[in-house]
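Student: Need the 3D shape of this:
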Amino acid sequence: MSVVLITIEDVMKLFKSKFHATNSINSHSDWFPVHSSSQLAGIVADLMCDGHLQGEPRWRFDFTSKNIHELKRFGDEIFSLFNIRGKIRPCTGNKFGRTFNFGVNCKLLSRTLHLVGVPTGCKVLQEFLIPNWIENEKECFRTFIRRVFSCEGTVDISESNPFIGLDMWKAQSLVKNGIEFFKQIKEGLENFFKIKSTNIFLSSVSNIRKDGISTRGIRLRIKELNSLINFKNKIGFQDLIKENKLDKIIFKKRGSQGQYHLGAVSSAWESNRSLCC
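Tutor: Presented below is the predicted three-dimensional model:
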């Protein structure tokens, strides 16, 4: 059920000047009150994982991807909910290859997204959790977690015991907060979708950033066959490469017994997704 998350009064409190707040809100008064929705939950996940929301004084945000179609998808989501356009530009500071940013310069929207749960600044150095309105509502959580795994998840088919994995790095001082975030994910997967995962664990080594801050990886794995099938049927990846790798894992785990028919599971997944996603 949709609930009210933000009113105009809530947003006005983030402005230092009432005059500027009124001018900004008058142009977009139709946004308010902001209600919870699975679509908004997906935007929150995108920005938590592959985005960057700048706070004071700029209040703007970017979503980063190598895939232009992903950037356009994100832009369409933003426009559908808020009627705001962004701009795609090359990301020149990424050492991991050629990527692009979808940037939005709108202080009101940036403040609004912060109020619904998107953290500002470098997420490795910030405390944040899954907002209650997402954590406690099945369809919002489904969309949120699909986007989280599509952005940040790994599908490892190389090991003798292949898995779906999720990794997140946090400053050593914030590891406890990172573990709490992963507990929310673990409990939501099991309570809503009967997807069991491993115990949350830390990377064996730490990493030292250029600024000298030590970080540690927080990790979670999904390995059991029934849980992998439930993930495919009830959540799935929007990333087709990862989806195809998941098919291979399921085939590998059941193929030796001759019990797995890829087409049947794929059909079930499509049927479930059309009904509940």
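Student: Which parts of the protein belong to which domain?
Tutor: 4-121, 134-276 (automatic domain parsing).
Student: of all the ones you listed, which lies closest to Phe128?
Tutor: Proximity of the domains of the chain to Phe128 was assessed by Cβ to Cβ; the nearest stretch is domain 4-121, lying at 4.0 Å. Using the backbone N, CA and C atoms, a C-beta is placed for each residue, glycine as well.
Student: and stretch 24-39, which residues are buried?
Tutor: Residues of stretch 24-39 classed as buried under the neighbour-count rule (16 or more other Cβ atoms under 10 Å) are 24-25, 28, 31-32, 34, 36-38.
Student: returning to what we had before: mean pLDDT lowest where, among the domains of the chain?
Tutor: Note on the domains of the chain: lowest mean pLDDT is at domain 134-276, with a mean of 89.
Student: what about that one, distance to the chain center?
Tutor: 12 Å (Cα atoms, centre = their mean, to the nearest Å).
Student: Spatially nearest residue to Gly97, not counting backbone neighbours?
Tutor: Excluding the flanking residues, the one nearest Gly97 by Cβ to Cβ, 6 or more residues apart in numbering is Lys66, at 6.6 Å.
Student: can you check Phe192 too?
Tutor: Lys138 (5.0 Å).
Student: and the residue nearest the centre of the chain, what helix or strand is that in?
Tutor: When the chain is reduced to its mean C-alpha position, the closest residue under Cα atoms, centre = their mean turns out to be Ala45, at 2.6 Å. Taking DSSP states H and E as the definition, Ala45 sits inside helix 38-50.
Student: got the CA positions of that helix in CSV?
Tutor: Output in CSV follows, covering the C-alpha atoms of helix 38-50 (Å, rounded to 0.1, in the frame of the first residue of the first chain):
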residue,chain,number,x,y,z
SER,A,38,8.2,0.3,-6.4
GLN,A,39,9.4,2.7,-9.1
LEU,A,40,10.8,5.2,-6.6
ALA,A,41,12.4,2.3,-4.7
GLY,A,42,14.2,1.3,-7.9
ILE,A,43,15.6,4.9,-8.2
VAL,A,44,16.8,4.8,-4.6
ALA,A,45,18.6,1.6,-5.3
ASP,A,46,20.2,2.9,-8.4
LEU,A,47,21.6,5.9,-6.6
MET,A,48,22.7,3.9,-3.6
CYS,A,49,24.7,1.6,-5.8
ASP,A,50,25.8,3.3,-9.0
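Student: Next secondary structure element downstream of it?
Tutor: With DSSP H and E, the next secondary element past helix 38-50 is strand 51-54.
Student: just so I have it, where are all the strands in the stretch 151-277 of the chain?
Tutor: With DSSP state E, counting those that start in this stretch as the criterion, the stretch 151-277 of the chain has strands at 153-156, 163-171, 201-208, 214-222.
Student: what angle separates the last one from strand 163-171?
Tutor: With axes from the mean of the first three to the mean of the last three Cα atoms, to 10 degrees as the criterion, the two stretches strand 214-222 and strand 163-171 enclose an angle of 160 degrees.
Student: Which strands and helices lie in contact with strand 214-222?
Tutor: Using 3 or more Cβ pairs under 8 Å, 6 or more residues apart in numbering; DSSP states H and E as the contact criterion, the neighbours of strand 214-222 among helices and strands are strand 163-171, helix 175-193, strand 201-208.
Student: Direction included, what does it pair up with?
Tutor: strand 163-171 (antiparallel), strand 201-208 (antiparallel) (DSSP bridges).
Student: Nearest to Leu228, out of those strands?
Tutor: When the strands paired with strand 214-222 are compared by Cβ to Cβ, strand 163-171 sits nearest Leu228, at 6.7 Å.
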